[in-house]
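> Only the shape, not the letters, is given here:
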């Protein structure tokens, strides 16, 4: 039971850091600027549902994808760790990761699919994190990963829904500090994946 609790906390921390609802709500505000409230709600709901579906597909079909492309667990952990570390390092440097770059987006409901669902909420970092959590685990762990990401999606939806109020109360400076803290956590998770991949490769 303690192992499941520890696993759940680790998964929640990893997903919360990589999806970063608080920092991403400023992106949501900029993308939906000028849109009416109904359009914002529709975009918000659609983006989070699509993101959840994408992560669910990779979590459930991860093993099949590994076998199809002959990907080894150590190679996946090392490469995924490097990618996640890179995203976290960019956040620490106050840069928007090129993995999540946004340019010239028109205000319509298609932005719910891209760039909001992909790559902001369910980008490479999120997918790699999810697949790392379900590599060599029991079905209960897979259920926990999906349930926790579902909760994160709900939390993101509520954060985006209340984004205007949150920014007015907290301010952009505090949100920027939170973004840096999330970046540090992401970089640490990435480093841990690299170390774990090396240990598995050399049977350490």
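Looks like it came in fine. All values reported here derive from a predicted model rather than from experimental measurement.
> What are the boundaries of the helices in this structure?
Using DSSP state H, the helices of the chain run over residues 2-19, 21-31, 37-68, 73-92, 124-133, 139-161, 163-170, 172-201.
> Which one, of those, ends up nearest to residue 111?
For those, proximity to residue 111 was assessed by Cβ to Cβ; helix 21-31 is nearest, at 5.4 Å. No exception for glycine: its C-beta is placed from N, CA and C like everyone else's.
> other SSEs contacting that closest one?
Here helix 21-31 touches helix 139-161, helix 163-170, helix 172-201, going by 3 or more Cβ pairs under 8 Å, 6 or more residues apart in numbering; DSSP states H and E.
> Now mean pLDDT too, for the ones you listed, in CSV please.
As requested, the helices and strands packed on helix 21-31 are exported to CSV (pLDDT from 0 to 100):
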stretch, mean pLDDT
helix 139-161, 95
helix 163-170, 85
helix 172-201, 83
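> a markdown table please, covering the ones you listed and showing mean neighbour count and distance to residue 127.
Below are the helices and strands packed on helix 21-31 laid out as a markdown table (neighbours: other Cβ atoms under 10 Å; distance: least, Cβ to Cβ, whole Å):
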| stretch | mean neighbour count | distance to residue 127 |
| --- | --- | --- |
| helix 139-161 | 18 | 11 |
| helix 163-170 | 13 | 24 |
| helix 172-201 | 17 | 13 |
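> could the helices of the chain be laid out in a markdown table, adding distance to residue 117?
A markdown table is the format used below for these (distance: least, Cβ to Cβ, whole Å):
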| stretch | distance to residue 117 |
| --- | --- |
| helix 2-19 | 11 |
| helix 21-31 | 12 |
| helix 37-68 | 4 |
| helix 73-92 | 17 |
| helix 124-133 | 10 |
| helix 139-161 | 10 |
| helix 163-170 | 17 |
| helix 172-201 | 19 |
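> Tell me which of those sits nearest to residue 112.
Nearest of those (Cβ to Cβ): helix 37-68, 3.8 Å.
> so how far is the closest one from its chain's centroid?
Remark: helix 37-68 is offset 11 Å from the chain centroid, using Cα atoms, centre = their mean, to the nearest Å.
> List the buried residues of that helix.
Residues of helix 37-68 classed as buried: 40, 43-44, 46-48, 50-52, 54-56, 58-59, 62, 66 (neighbour count, 16 or more other Cβ atoms under 10 Å).
> So for it, mean pLDDT?
For helix 37-68, the mean pLDDT works out to 90.
> which other helices and strands contact it?
helix 124-133, helix 139-161.
> which residues are contacting the last one?
By that I understand helix 139-161. 4, 7-8, 11-12, 15-16, 19, 21-22, 24-25, 28, 40-41, 44-45, 48-49, 51-52, 55-56, 59-60, 121, 130, 133-134, 166 (Cβ atoms under 8 Å, 6 or more residues apart in numbering).
> how does it look with 7 Å?
Residues from elsewhere that reach helix 139-161 (Cβ atoms under 7 Å, 6 or more residues apart in numbering): 4, 7-8, 11-12, 15-16, 19, 21-22, 25, 28, 44-45, 48, 51-52, 55-56, 59, 121, 130, 133-134, 166.
> With adjacent residues omitted, what lies nearest to residue 22?
residue 178 (5.2 Å; Cβ to Cβ, 6 or more residues apart in numbering).
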